[in-house]
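In: Below is the sequence, then the predicted model.
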Amino acid sequence: MTEVRPGAAAPGALWERDEEIAAIERAVEAVRTDAPSAGPGRLLVISGEAGIGKTALLGEARRIAEERGCTVWSARGGETVSSVPYNVVRQLLQPALISLMPEEARAYLEDAYDIAGPALGIADPGDLQPDPQGVCDGLVNAVRGLARRYWPLVLLIDDAHWADQETLRWLAAFTDRLEGQSVLVIVARRPGEAPAEHAHHLERVAATAGPAALLRALTPDATAGITRATVGEHADDAFCREVWAVTAGNPYNTVELLAKVQDSGLDPVEAFAAELRALNNSARGTGLVARLEGLGLEANRFAWAAAILTTGISVDLVARLTAMKRPEAEHCAALLRSARVLKPAEPVKGQVAGGELEFVHPLIASAVYNSIPGSVCTALHGMAARVVTDSGLGAAAASRHLLEVYPDDDAELVEQMREAAREHLAVGAPEAARRCLERALKEPPRPEVHAHVLYELGCATLLTSPAATIDHLQRALGTPGFDGPDRVDAVYRLSQAMLHNDQLDDAIRTVDAEAARLPAGPDRLRLQAAHYIWEGIQSLDATAPTRSHGLAELAASVGGRDNSERVLLIVRGFDALIRGESAEQVVEYCDRALVNGRLAPGLGWTDTEWGVELQLMLSCTYIYTDRLDRAVSLLTEGLDTYTGAGWLGGHLAMAKGFLGLAHRRRGQLREAEQHQRDAVRLAERVGRGLPLYWAALCGLVDTLLARGHYGQAEQVAEEWGFAPPYPNTIVLPDLRSVRGRLLLATGRVKDGINELEAAEKAATARGSNNPVLTPWAADLARALATDDPRRAAELALAVRQQAERFGTDTAIGEALRCAAALETGQRAAALYAKAAAYLEASPCAYEHAVARVEYGVAIRSEEKLRRGMELARTCGADGLVVRAEEALGRL
């Protein structure tokens, strides 16, 4: 049985908690002895019902850690503030950050300062709307930086089931990356009480921690020990057992009941045991409400106002909210403290944490809040919103109260909620923005404003819920009078959402319908460009030849004078690339879309008028036309821009994936693999099955095959789901071509041939005649060489004709390699020699290395083989090095 220590929690809170306390002591001692930034990190989860002793155990953890010289930061979720974004993580970190000078905070947070600072309330938001995933990662990095200064660090989070969604997303990410940090995290929660949208984050934390410390009710013996320690050793067995029966062994209920026994002067013997149940009822629920009413109307109003505020409770603030005079409010606060409803707020880092007062226990706060009559509760929230606004804390701070106010056709409230949504978006909290705008719609807005609120709501949910975005924007567009730039932008964003929701045909019809009703000009041209963007990325498009002809005619009439014209030129260049037109002409289209060799203002990586699809189309065009230096420069700029802006989710995944593709084409296979592994990891966090996920995964498999790591490629494919069904958008590298190559490399020849023939059908259907972009034909020709040499020869000839039409050294060199593989003797040697010469002139070092090795094998030349082997070693093509070594051994 755990004895109560001086200065610890109330009597009874730590009885029968020896095992849990021992685990905490071991964890604290371990993190204390770790070297800074070198520990494995530690995580404990404490789980149990309300009143079971979680808070007391965290209090004991604080005492243990502080006695051993650790820095301890703590925070708590709240039932009525779970909608406030970053509320709990701010509680956790703000006291330490506020104590630093701004330059010190920036030094410790490093790159995370500009990204996470606004979410933590220590820096002003930037001009760009941050990516929520980027803010999450920024917060993870912020704590890493602070942990180096405040080592050894212990983080305590109580009532995590009531924490806000943004904090829980951070907590799940942070605890998943504790390795290398001298940090102990202890999380307390009630099982099964988190909202559904929060629960999966908590489950991730619990899975990382392993088995949780599940607190059990006290035994009758422990309850008897607490009873005698509280009311006297003369408490008899029957009385003690009734205490246990009435409280069900719940430590909080036990302590509260025994306090009532002391207050009432009840003799703790069997004769009075029957009165315990009534006393217990008076300490909780309706009994607590009756007890509050007994303190007087004003004290009751003070308690209500405190429950409305939940955090940051001060006498002055409650006085303003209840229109009490200061002396009267002070008297009420004293009454509530003596009644064990409120208590002085515990200091944190030498400061008062969030106010002067706090509730003795969350159960009391919940009981008081739930006792407030509905109309009074609504009115108090409305008054609280006014007080918060008048205090200069901003619309976002007031919004949690306004969410609870009844709709009343209030135009001012609508504008407040729109402003709150903008503030939430500025710190990377789109879900909070969504709640504000949905509440604004219930008011409802004035007719002339209604569509604009729907438009803003659609924009707020674009990254998190494409299906919801579609609904909101369609409703906005169906509202009479919704015209102008917002309408055109709404149509474009609606088509984007449809694309991400796998409704590509609907996206195209949407922009076509709107473009048809607009007069000639920039707005119409923008939607026409969108039409060709979405059509251009369809994987199966039987109308491709007709579309390409129309796009060519439209692009021929523009000169790149504005962004709509520049977009058309980029799309035309990408379409020409797919169709295998002259690479020189393809590059000319794209170069005309640039301004002094750079992306035009408004078409940058973080500009929102146009989607990232454009920059990726441009990058791919340069990658596959052998302008790899331009592609790498462009993609590196995108990578740096996204990192600096904190866009660390899907946008960063795409930039890393395509930069990996550029390195793959350059023959820098090690660098390519690293970028593509990062891209797959980032893309999976956004969601499997999305085009960006497929592109990252396909690129990684392709690079592993080039490196000769067939087993790894097969493992990655199986683990990450690299198999049909495929998305209906174009993915580069070509999915079917790469999977066909994987199947051939791992000995599944028949399956590989079937996959490559499926690639042929898909390419033919959309008019894709570029053998570099969709290289199925060369691989299929090699696979059929023995069993169907005639078909193989036809394929090799077609590849060569298409390559010569496209005109790059890489395309022609690869076509010659394919032709050589079907020949023997001098004919094969001559073709390999030509292939090697073309590929030496190209920037694709890996393909050059392959050609050199194949040439050396064909003519049995040690010098050629060694040259190819060294080039392969430089590229990181381990399998090709082994192949060259084996060929040398046979000479």
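Out: All right, it came through fine.

In: so residue 533 touches residue 614, yeah?
Out: Yes. At 7.0 Å, residue 533 counts as touching residue 614 under the criterion of CB atoms under 8 Å. Just so you know, the C-beta spots here come from the backbone N, C-alpha and C atoms, and that holds for glycine as well.

In: what is in contact with the two at once?
Out: 567, 571 (CB atoms under 8 Å, 6 or more residues apart in numbering).

In: Apart from its chain neighbours, what residue comes closest to residue 805?
Out: Closest residue to residue 805 apart from its sequence neighbours, by CB to CB, 6 or more residues apart in numbering: residue 580 at 5.9 Å.

In: Helices of the stretch 301-450 of the chain, start to end?
Out: Secondary structure of the stretch 301-450 of the chain, counting by DSSP state H, counting those that start in this stretch: helices at 315-322, 326-338, 362-371, 374-390, 395-402, 411-426, 430-442, 447-460.

In: Can I get those in CSV including mean neighbour count?
Out: Shown next, in CSV, are the helices of the stretch 301-450 of the chain (neighbours: other CB atoms under 10 Å):
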stretch, mean neighbour count
helix 315-322, 20
helix 326-338, 17
helix 362-371, 20
helix 374-390, 17
helix 395-402, 23
helix 411-426, 20
helix 430-442, 23
helix 447-460, 22
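
In: circling back: more neighbours, residue 533 and residue 614?
Out: residue 533 (26 against 22; other CB atoms under 10 Å).

In: what about that one, distance to residue 697?
Out: 23 Å (CB to CB, to the nearest Å).

In: ditto for residue 611
Out: When distance is defined by CB to CB, residue 611 is 21 Å away from residue 697.

In: Tell me how far the residue with the largest distance to the centre of the chain lies from residue 236.
Out: Farthest-out residue of the chain from its mean C-alpha position, per CA atoms, centre = their mean: residue 271, at 61.5 Å. According to CB to CB, residue 271 and residue 236 sit 9 Å apart.

In: now the strands for the protein?
Out: With DSSP state E as the criterion, the chain has strands at 40-47, 71-76, 153-158, 181-189, 213-214, 342-344, 347-348, 351-352, 357-359.

In: could these go into TSV alongside mean pLDDT, mean neighbour count and distance to residue 478?
Out: Shown next, in TSV, are those (pLDDT from 0 to 100; neighbours: other CB atoms under 10 Å; distance: least, CB to CB, whole Å):
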stretch	mean pLDDT	mean neighbour count	distance to residue 478
strand 40-47	88	21	48
strand 71-76	91	22	44
strand 153-158	94	24	45
strand 181-189	91	26	44
strand 213-214	84	16	52
strand 342-344	90	17	51
strand 347-348	57	14	51
strand 351-352	41	14	52
strand 357-359	89	23	47
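
In: Tell me which residue is most central in this protein.
Out: Nearest to the geometric centre of the chain sits residue 133, at 3.3 Å (CA atoms, centre = their mean).

In: The closest residue to that residue other than its chain neighbours - how many residues pack around it?
Out: If the residues on either side of it in the chain are set aside, residue 133 comes closest to residue 649, at 3.3 Å by CB to CB, 6+ apart. For residue 649, the neighbour count with other CB under 10 Å is 23.

In: again with residue 751
Out: Number of residues near residue 751 (other CB under 10 Å) recorded here: 15.

In: Residue 741 versus that one, what's the distance?
Out: 12 Å.

In: Please apply the same query to residue 119.
Out: Counting by CB to CB, the separation of residue 119 from residue 741 is 44 Å.

In: what's the answer for residue 661, then?
Out: Residue 661 is 15 Å from residue 741, by CB to CB.

In: these two touch, right, residue 236 and residue 272?
Out: No. Taking contacts as CB under 8 Å, residue 236 lies outside contact range of residue 272: 10.1 Å.

In: quick one: which of the strands of the chain is nearest residue 199?
Out: strand 181-189 (10.1 Å; CB to CB).

In: could you dump that closest one to PDB, C-alpha only?
Out: What follows is strand 181-189 as a C-alpha-only set of coordinates in PDB (Å, rounded to 0.1, in the frame of the first residue of the first chain):
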ATOM      1  CA  GLN A 181      15.700  12.500 -27.400                       C
ATOM      2  CA  SER A 182      16.200  12.700 -23.600                       C
ATOM      3  CA  VAL A 183      12.500  13.300 -23.000                       C
ATOM      4  CA  LEU A 184       9.900  11.400 -20.900                       C
ATOM      5  CA  VAL A 185       6.300  11.900 -21.900                       C
ATOM      6  CA  ILE A 186       3.500  10.700 -19.600                       C
ATOM      7  CA  VAL A 187      -0.100  10.800 -20.900                       C
ATOM      8  CA  ALA A 188      -3.200  10.300 -18.800                       C
ATOM      9  CA  ARG A 189      -6.500   9.600 -20.400                       C
END
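
In: packing partners for that strand?
Out: helix 18-33, strand 40-47, helix 54-67, helix 132-149, strand 153-158, helix 165-175, helix 196-209 (3 or more CB pairs under 8 Å, 6 or more residues apart in numbering; DSSP states H and E).

In: let's see it at 7 Å
Out: Packing contacts for strand 181-189, counted by 3 or more CB pairs under 7 Å, 6 or more residues apart in numbering; DSSP states H and E, involve helix 18-33, strand 40-47, helix 54-67, helix 132-149, strand 153-158.

In: Point to the helix or strand of this protein where mean pLDDT is at its lowest.
Out: Every helix and strand in the chain was compared by mean pLDDT, DSSP states H and E; the lowest is strand 351-352, with a mean of 41.

In: so where is this structure shaky, pLDDT-wise?
Out: Regions of the chain meeting the criterion pLDDT under 70 cover residues 1-12, 35-39, 282-287, 347-355, 463-464, 538-546.

In: let's see it at 50
Out: 1-11, 349-354 (pLDDT under 50).

In: tally of neighbours for residue 609?
Out: Look at residue 609: counted by other CB under 10 Å, it has 15 neighbours.

In: Same question for residue 690.
Out: When neighbours are counted by other CB under 10 Å, residue 690 registers 18.

In: In space, what's closest to residue 235 - neighbours in sequence excluded?
Out: residue 268 (3.6 Å).

In: contacting residues around the one you found?
Out: Listed by CB atoms under 7 Å, 6 or more residues apart in numbering, the contact set of residue 268 reads 227, 231, 232, 234, 235, 239, 261.

In: Tabulate those in CSV, adding columns for distance to residue 865 and neighbour count.
Out: CSV is the format used below for the contacts of residue 268 (distance: CB to CB, whole Å; neighbours: other CB atoms under 10 Å):
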residue, distance to residue 865, neighbour count
227, 88, 26
231, 93, 19
232, 95, 11
234, 98, 10
235, 93, 23
239, 94, 23
261, 93, 23
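
In: Now the two most distant members of those.
Out: 234 and 261 (12.6 Å).

In: circling back to that earlier point, what distance do you get for the residue nearest to the centre of the chain to residue 697?
Out: Between residue 133 and residue 697 the distance is 18 Å, computed by CB to CB.

In: Residue 420 now?
Out: The value you get for residue 420 to residue 697, if CB to CB is used, is 39 Å.

In: got it, and residue 214?
Out: The gap separating residue 214 from residue 697 is 39 Å, by CB to CB.

In: now do residue 123
Out: 36 Å.

In: Of these two, give the one with the bigger neighbour count.
Out: residue 697 (26 against 19).

In: you'd agree the more buried one is up against residue 722?
Out: Yes. Applying CB atoms under 7 Å, one finds residue 697 in contact with residue 722, separated by 5.5 Å.

In: got any residues that touch both of those two?
Out: With CB under 7 Å, 6+ apart, residue 697 and residue 722 have no common neighbours.

In: How many residues are close by residue 782?
Out: 18.

In: show me what contacts the residue nearest to residue 124 when sequence neighbours are not counted?
Out: Excluding its sequence neighbours, the residue lying closest to residue 124 (CB to CB, 6+ apart) is residue 118, at 6.6 Å. By CB under 7 Å, 6+ apart, the residues touching residue 118 are 124, 125, 426, 427.

In: Residue 494 and residue 321: what is the separation?
Out: Taking CB to CB, one finds residue 494 at 43 Å from residue 321.

In: coming back round to it: ok, which of the strands of the chain comes nearest residue 625?
Out: Across the strands of the chain, residue 625 has its closest neighbour in strand 181-189 (45.4 Å, CB to CB).
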